[in-house]
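Colleague: Below is the sequence, then the predicted model.
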Amino acid sequence: MKMYKLKLYCEIAISKPIITRAFKVSLFVGTTLNLINQGDILVHLELQELHFLKILLTYFIPYIVTTYTATALKIEFQIGTKAVVEADLVCKKHHTEIHVQKDELIPECPKCGIHTHWKLK
């Protein structure tokens with residue numbers, strides 16, 4: 001069962017919308033932080049003083065954080081949103097089971113209505 005969840009996490013994490021969002025956030029946040037942390041070195045073109053590992057990490061960390069956060073939100077399968085992967089879900093409260101296809105709108109539990117909270121089966 002854990003391999004199934006890990007496979008879904010990975011499938012979501014490498015989906016185009018997640019990668020696109022993470023890249024945009026990383027580009028903005030990484031550039032901003034690099035300008036704050038090494039802006040004076042960049043302005044004066046003192047390339048020998050640049051810390052290239054810090055520059056890479058300053059882009060990499062926001063990418064990873066954004067990917068993790070977006071994946072965690074998508075794995076919750078909130079009602080009214082599109083499923084990013086095919087999955088078997090179960091209602092947390094009433095244990096109603098459903099199967100959703102990729103890009104299918106996630107429905108409400110017949111018993112919970114708008115208060116539905118799905119989890120992976």
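Modeller: Sure thing, it's come through. Nothing here was measured: the structure is a model prediction, and the numbers come from that model.
Colleague: Could you pull up the contacting residues of residue 10?
Modeller: Listed by C-beta atoms under 8 Å, 6 or more residues apart in numbering, the contact set of residue 10 is empty. In this view, the C-beta of every residue, glycine as well, is placed from N, C-alpha and C.
Colleague: And it, how far from residue 113?
Modeller: For residue 10, the distance to residue 113 equals 32 Å [C-beta to C-beta, to the nearest Å].
Colleague: how is the chain carved up into domains?
Modeller: Annotated domains of the chain cover 2-74, 87-120 [automatic domain parsing].
Colleague: closest to residue 81 out of those domains?
Modeller: Proximity to residue 81 (C-beta to C-beta) singles out domain 87-120 among those, at 5.7 Å.
Colleague: pLDDT (mean, whole number) over the closest one?
Modeller: Taken as a whole, domain 87-120 carries a mean pLDDT of 92.
Colleague: And stretch 60-73, by the same measure?
Modeller: On average, the pLDDT along stretch 60-73 is 94.
Colleague: Next: stretch 24-40.
Modeller: Mean pLDDT, stretch 24-40: 93.
Colleague: longest helix in this structure, by residue count?
Modeller: When the chain is parsed with DSSP state H, its longest helix is helix 16-43.
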